[in-house]
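1. compute the structure for the input listed below.
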Amino acid sequence: MESDPETLTVVAEQVAVEAAELVLDAYESMLAGERVAVDTKSSETDVVTAVDTASERLVRERLAQRRPGDAVLGEEEGTDGESQRSASGVTWVVDPIDGTVNFLYGLPWFAVSVAAQIDGVSVAGAVVEPVSGRRWTATRGRGAWLDGRALRVSEPASLDVALLATGFAYSSERRERQARFAASILGRVRDLRRQGSAALDLCAVGAGWIDAYAEHGLSRWDWAAGALVASEAGAVVTLPGEAPELGDDAITAAAPSIAAPLREALRECGAGEV
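-> Numbering: from 1, shown residues only. Here you go, the predicted structure:
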């Protein structure tokens, strides 16, 4: 099997599109009144649906057919293929529905996220929105695209006119700390957005729809594909562990023109204590 990033990007997109079709069918059935089985994970607000599970299983099946030597890390079923990882060097990181709460409430801002990583670094990724059909893709060193159109980040003149997106944890205690942080940073930027899908927020940075994004507490499947889209579109991205002054689990993505002042503002507003 070839493991060059362009080949992996094609596989990521094809598999994500197929899973998105499954999710869309379920979403439309739910809107028509069909019940969806729901369970919880870390808290009462951290939900998983039967559709999440079905989507991930479909992705795993398709990857097993196309890339039988690869490992898979998925949100719902953990990791498999560890013994084979050294054979191919590739691990697929899968979020079967990023934005499950939005999905459950009927809000159309959610996506299937599939990324290929080598040595923990994303080299290919696809984020596909079931409702709109939009396809976000990226290949390390070769760019990022929305439905085949090359992406480029925005160029805000200063931090005070920048639109910042963020998100909140499932733990009520941590949400309270995040709310205090959000209230502090709000005075430094144009406005805040909280849309409920980390993958799509990162893609939106890449498209210039928002100028920056910062969040704590994400898992690898939340950002593996979206962060690559943002980075390949020109954003300055810091992954968990790369900016300890902002917190060990902080992730940021920003247009280059505001990346440095944003990082300083996040620090001054207490991001490291969130």
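2. any regions of the chain where pLDDT drops low?
-> 80-86 (pLDDT under 70).
3. am I right that A183 sits in a helix?
-> Yes: according to DSSP: H, G, I helix; E, B strand; the rest coil, A183 belongs to a helix.
4. can you report how many residues lie near it?
-> Applying other C-beta atoms under 10 Å, we find 11 residues neighbouring A183. (Each C-beta comes from the backbone N, C-alpha and C, glycine too.)
5. mind listing what it touches?
-> Residues counted as contacts of A183 (C-beta atoms under 8 Å, 6 or more residues apart in numbering): none.
6. quick check: buried residues in the helix or strand harbouring E173?
-> Here E173, judged by DSSP states H and E, is contained in helix 172-186. Using 16 or more other C-beta atoms under 10 Å as the test for burial, helix 172-186 gives 175, 177-178, 181-182, 185.
7. reformat the residues you listed as CSV; add distance to I97.
-> Listed next are the buried residues of helix 172-186 as CSV, based on distance: C-beta to C-beta, whole Å:
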residue, distance to I97
R175, 21
R177, 27
Q178, 22
F181, 27
A182, 25
I185, 28
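8. after whichever strand or helix holds V229, next one along is what?
-> Per DSSP H and E, V229 falls inside helix 226-232. Where DSSP H and E defines the elements, the next helix or strand beyond helix 226-232 is strand 236-238.
9. all strands for the stretch 51-200 of the chain, in order.
-> 71-74, 78-80, 90-98, 111-118, 121-128, 135-139, 143-146, 149-150, 163-165, 191-193 (DSSP state E, counting those that start in this stretch).
10. who's sitting farthest from the centroid in the protein?
-> G33 (28.7 Å; C-alpha atoms, centre = their mean).
11. tell me how far it lies from P108.
-> 17 Å (C-beta to C-beta, to the nearest Å).
12. would you confirm that A250 contacts A214?
-> Yes: with contact defined as C-beta atoms under 8 Å, A250 counts as touching A214 (6.8 Å).
13. list residues touching both of those two?
-> 266, 271.
14. those two: which has the busier surroundings?
-> More crowded of A250 and A214, by other C-beta under 10 Å: A214, with 28 against 24.
15. the more buried one belongs to a strand, doesn't it?
-> Yes: under three-state DSSP, A214 falls within a strand.
16. residue contacts, it?
-> A214 neighbours (C-beta under 8 Å, 6+ apart): 164-166, 185, 246, 250-253, 262, 266, 271.
17. of these, which is the most crowded?
-> Neighbour max across the contacts of A214 (other C-beta under 10 Å) = A253, 32 neighbours.
18. tell me what whichever strand or helix holds that residue is packed against?
-> Remark: A253 resides in strand 250-254, with elements defined by DSSP H and E. Contact partners of strand 250-254 among helices and strands, from 3 or more C-beta pairs under 8 Å, 6 or more residues apart in numbering; DSSP states H and E: helix 198-207, strand 212-216, helix 226-232, strand 236-238, helix 256-268.
19. quick check: angle from it to helix 198-207?
-> Counting by axes from the mean of the first three to the mean of the last three C-alpha atoms, to 10 degrees, strand 250-254 points 30 degrees away from the direction of helix 198-207.
20. next one: strand 250-254 to chain centre, how far?
-> Here strand 250-254 is found 12 Å from its chain centre; the criterion is C-alpha atoms, centre = their mean, to the nearest Å.
21. next: stretch 112-122.
-> The answer for stretch 112-122 is 11 Å, by C-alpha atoms, centre = their mean.
22. swap in stretch 266-274?
-> Counting by C-alpha atoms, centre = their mean, stretch 266-274 comes out at 22 Å from the chain centroid.
23. buried sites along that stretch?
-> 266, 269, 271-272, 274.
24. how close does the residue most central in space within the chain sit to A126?
-> With distances taken as C-alpha atoms, centre = their mean, A199 lies nearest the centre of the chain, 2.2 Å away. To A126, A199 is 10 Å away according to C-beta to C-beta.
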